[in-house]
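Engineer: please work out how this folds:
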Amino acid sequence: MKRWVITSMLALIGGWLGFMTSFPLGPLLGSLLMIAIVQIKTNKLPPLPKKAKRIIQMLLGGSIGLTFSQETFSILSTVWLPALLLPLLQISGALLLALFLKKVLKFDTLTAVCSSAPAGMTEMIVLAEKYPVSVPTVVTLHLFRLMLIVSVMPFLIYYLFIR
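Structural biologist: Next up is the predicted model:
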């Protein structure tokens with residue numbers, strides 16, 4: 001139990017540092033990087049128990065659920081076509097990328113699919129843990145995807161639409 005408290009404290013410190021940077025997703029990336037750095041340097045942090053992971057997922061789900069309102073569903077009639085096209089295009093692109101990872105970079109099929117899926121890192125890691133998938137590969141590719149999106153998108157939005 002004591003070791004999980006240390007992990008939690010490190011995550012909170014990293015999250016706070018990330019928050020202080022005002023970087024988009026700073027708290028998430030800060031805690032992730034803090035834990036990753038300590039784990040790489042010491043390799044002594046214990047994995048969280050499955051119950052703790054499930055509780056964290058429930059809290060994240062609840063937090064996301066709080067963003068929904070009547071307005072969310074009232075605009076559905078005006079956005080139904082993009083709401084259908086976006087995931088279909090994302091899935092198609094992810095499958096093409098998975099095919100590239102498999103054929104060109106010689107990834108196994110499940111790792112390629114989990115690594116390229118247009119889902120959240122948390123969800124893909126949970127899936128990867130349940131199947132014979134290279135979890136470190138999935139984590140690394142999703143981390144770089146997330147960091148690239150968070151660092152590049154503000155500039156693209158600014159230079160393409162605001163400037």
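
Engineer: which phi and psi does residue 134 have?
Structural biologist: phi -80, psi 100 (degrees, to the nearest 10).

Engineer: OK, contacts around it?
Structural biologist: 107, 108, 111, 128 (C-beta atoms under 8 Å, 6 or more residues apart in numbering). Using the backbone N, CA and C atoms, a C-beta is placed for each residue, glycine as well.

Engineer: check what pLDDT the residue sitting nearest the centre point of the chain gets.
Structural biologist: In the chain, the C-alpha nearest the mean C-alpha coordinate belongs to residue 121, at 2.7 Å (C-alpha atoms, centre = their mean). Here the pLDDT value assigned to residue 121 is 79.

Engineer: now swap in residue 1 and tell me
Structural biologist: Per-residue confidence (pLDDT) for residue 1: 63.

Engineer: and residue 88, by the same measure?
Structural biologist: Reported pLDDT for residue 88: 94.

Engineer: helix/strand/coil for residue 119?
Structural biologist: coil (DSSP: H, G, I helix; E, B strand; the rest coil).

Engineer: check which helices and strands the top helix by length along the chain sits against.
Structural biologist: Assignment by DSSP state H gives helix 76-103 as the longest helix of the chain. In terms of contacts (3 or more C-beta pairs under 8 Å, 6 or more residues apart in numbering; DSSP states H and E), helix 76-103 is packed against helix 109-116.

Engineer: sketch out the low-pLDDT regions of the protein for me.
Structural biologist: Residue ranges of the chain with pLDDT under 70: 1.

Engineer: what are the ranges of the strands in it?
Structural biologist: Counting by DSSP state E, the chain forms no strands at all.
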